[in-house]
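[1] sequence and predicted structure are below.
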Amino acid sequence: MSWDFRRGVVGIRHMVQVGIDHGISERRLLASTGLLLADLDAADLEVEAVQELSAARNLVQALADPPGLGAEVAMRFSLANFGLLGFAMLSSPTAGDALRIALRTLRIGNRFIDITAGLTQTTGRITFQHKDLPADVRAFLLERDLVLIFGVIVLRCLSPQLVHRLGDTRLELALPDDRTAKVIDGMTTMLADLAHDPMRRFRIVANRPTTELTFPLDLLAEPMSMPDPATAALCEQHCLDLLRNRLDRGPLAARIRAILLHEIHTAPTAIEIAARLNMDRRTLHRRLTEEGTNFRNLQEQTRHALAIDMLETLDLTVKETATRLGYTSAAAFSRSFTRWTGTPPSAHRHRELTPPITDPS
């Protein structure tokens, strides 16, 4: 569930901060993302799903994916990281209106978890689909995003009347007992400042085949904390405009670099990428020239940065690196790498990295 309002940028920053707190170097945590730590403070930075996924994979692999890692990352977020969505929900007339706003916004902006809703005559059900996520980060991202959705957005926005109805709801998680316990602990900690203590009433069940929230249909008629339909409508529209505009915003070079990062192993051509972006090859080259670059430079810069990460940080072999970067042979990759750096790729393996600075206190 990574989306605009700089959530993706903040998401990577929080993952990196958690990793650094555990003694992992920022270089290892940002490997294969094409980003530096300083980039995450840029006001105009937009990151793609593949970059956030790479950062998640780096964190999970470095720390062996312990239960609670996703919750630890989520606990660094606040409602302010979600822009006007929280305010749009708070000012909705009823819980049903707030749910409609949340689902509509999350469906457009979601990257990692699909959210669907269904209603019967007496109950409502929200299902969180995550089966298409890579297996190595699936549990981490589900754990993180569930704490975000419920601990940061949903439960914090409920009115006292709605909190008293939480006993009528049921959240089933496709997570084992140890991860479910960490999800509950994370949400409890995040909501500790609320006098009505929503977690005391919330029913959560582990080891289920799917992740679903079930609730009585009449709960949708309950009022929200500070109903103001006009404000809610204005905030909702602003949220949706931001998300939709993101699809067409930003430098072309950044969009191409993101595609190259995601599909570098297939070595996509300029013609193929132009088709993906609904333009012809000449238009792509012209617009890149206007931005002071060209496709070959972007491709080589991306391959160069990833090669350094793979060789020095991830300690892959020259052959493995060549394959991941889409080269037909290790020899072809070695020639390119030597042209970029003046040294063969073998000279960049097994280098000692500067250990992270830790606070002795």
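    Great, that's in hand. Keep in mind the model is a prediction, meaning the values are calculated, not measured.

[2] use CA for all of it now, contacts and neighbours both
    Will do.

[3] give me phi/psi at Cys157?
    phi -90, psi 0 (degrees, to the nearest 10).

[4] that one: neighbour count?
    24 (other C-alpha atoms under 10 Å).

[5] do the same with the one 4 residues further on
    Here the number of neighbours of Gln161 (other C-alpha under 10 Å) works out to 14.

[6] let me see the ranges of the strands in the stretch 51-200 of the chain.
    114-119, 123-129, 170-172 (DSSP state E, counting those that start in this stretch).

[7] pull up the pairing partners for the first one, direction included.
    With DSSP bridges as the test, strand 114-119 is paired with strand 123-129 (antiparallel).

[8] how about the partner strand: buried residues?
    Neighbour counts using 16 or more other C-alpha atoms under 10 Å place 124-129 of strand 123-129 among the buried residues.

[9] doesn't Arg349 make contact with Asp315?
    Yes: at 6.2 Å, Asp315 counts as touching Arg349 under the criterion of C-alpha atoms under 8 Å.

[10] skipping its backbone neighbours, what lies nearest Gly118 in space?
    Nearest residue to Gly118, sequence neighbours excluded (C-alpha to C-alpha, 6 or more residues apart in numbering): Arg125, at 5.3 Å.

[11] OK, contacts around the one you found?
    For Arg125, the contacting residues are 117-119, 212-215, by C-alpha atoms under 8 Å, 6 or more residues apart in numbering.

[12] save these as CSV, and put in neighbour count and pLDDT too.
    Below are those laid out as CSV (neighbours: other C-alpha atoms under 10 Å; pLDDT from 0 to 100):
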residue, neighbour count, pLDDT
Ala117, 15, 86
Gly118, 10, 88
Leu119, 13, 87
Glu212, 21, 95
Leu213, 18, 94
Thr214, 18, 95
Phe215, 21, 93
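
[13] closest one of those to Ser78?
    Nearest to Ser78 out of the contacts of Arg125 is Leu213 (C-alpha to C-alpha; 22.2 Å).

[14] the strand or helix carrying the closest one pairs with which strands?
    Leu213 belongs to strand 211-216 when assigned by DSSP states H and E. Strands that pair with strand 211-216, judged by DSSP bridges, come out as strand 123-129 (antiparallel), strand 170-172 (antiparallel).

[15] so what are the domain limits for the chain?
    7-244, 252-348 (automatic domain parsing).

[16] just those domains: most buried one?
    domain 7-244 (a mean of 19; mean count of other C-alpha atoms under 10 Å).

[17] any idea which helix or strand comes after the helix or strand containing Arg13?
    In this structure, Arg13 sits in helix 7-21 according to DSSP H and E. Next along the chain after helix 7-21, taking DSSP H and E as the criterion, comes helix 26-29.

[18] what helices and strands are in contact with that next one?
    Secondary-structure packing of helix 26-29 (3 or more C-alpha pairs under 8 Å, 6 or more residues apart in numbering; DSSP states H and E): helix 7-21, helix 49-63.

[19] for His196, give me phi and psi.
    Dihedral angles (degrees, to the nearest 10) for His196: phi -90, psi 0.

[20] now Pro67
    Here Pro67 shows phi and psi, under degrees, to the nearest 10, equal to phi -60, psi 140.

[21] was I right to think it contacts Lys182?
    Yes: using C-alpha under 8 Å, Pro67 is in contact with Lys182, at 6.7 Å.

[22] where's the residue nearest to Gly118 relative to Thr210, distance?
    As judged by C-alpha to C-alpha, to the nearest Å, Arg125 and Thr210 stand 12 Å apart.

[23] hey, which helix or strand in the protein has the poorest pLDDT?
    Ranked by mean pLDDT, DSSP states H and E, the helix or strand of the chain with the weakest confidence is helix 229-246, at a mean of 55.

[24] that one: what's the following helix or strand?
    Defined by DSSP H and E, the subsequent element after helix 229-246 is helix 252-263.

[25] the contacts of Arg125 into a markdown table, with extra columns for distance to Gly96?
    Formatted as a markdown table, the contacts of Arg125 follow (distance: C-alpha to C-alpha, whole Å):
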| residue | distance to Gly96 |
| --- | --- |
| Ala117 | 12 |
| Gly118 | 13 |
| Leu119 | 12 |
| Glu212 | 17 |
| Leu213 | 14 |
| Thr214 | 14 |
| Phe215 | 12 |
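
[26] of those, closest to Arg287?
    Using C-alpha to C-alpha, Ala117 comes nearest to Arg287 of the contacts of Arg125, at 41.5 Å.

[27] quick one, phi psi at Glu222?
    Backbone torsions of Glu222, given as degrees, to the nearest 10, read phi -70, psi 140.

[28] that one against Leu162, yeah?
    Yes: using C-alpha under 8 Å, Glu222 is in contact with Leu162, at 6.5 Å.

[29] quick one: the helices in the stretch 51-200 of the chain?
    For the stretch 51-200 of the chain, the helices defined by DSSP state H, counting those that start in this stretch cover 69-74, 85-90, 95-109, 135-146, 155-157, 160-164, 177-190.

[30] quick one: which of those helices is nearest Thr323?
    Closest among the helices of the stretch 51-200 of the chain, once you apply C-alpha to C-alpha, is helix 135-146, at 20.7 Å.
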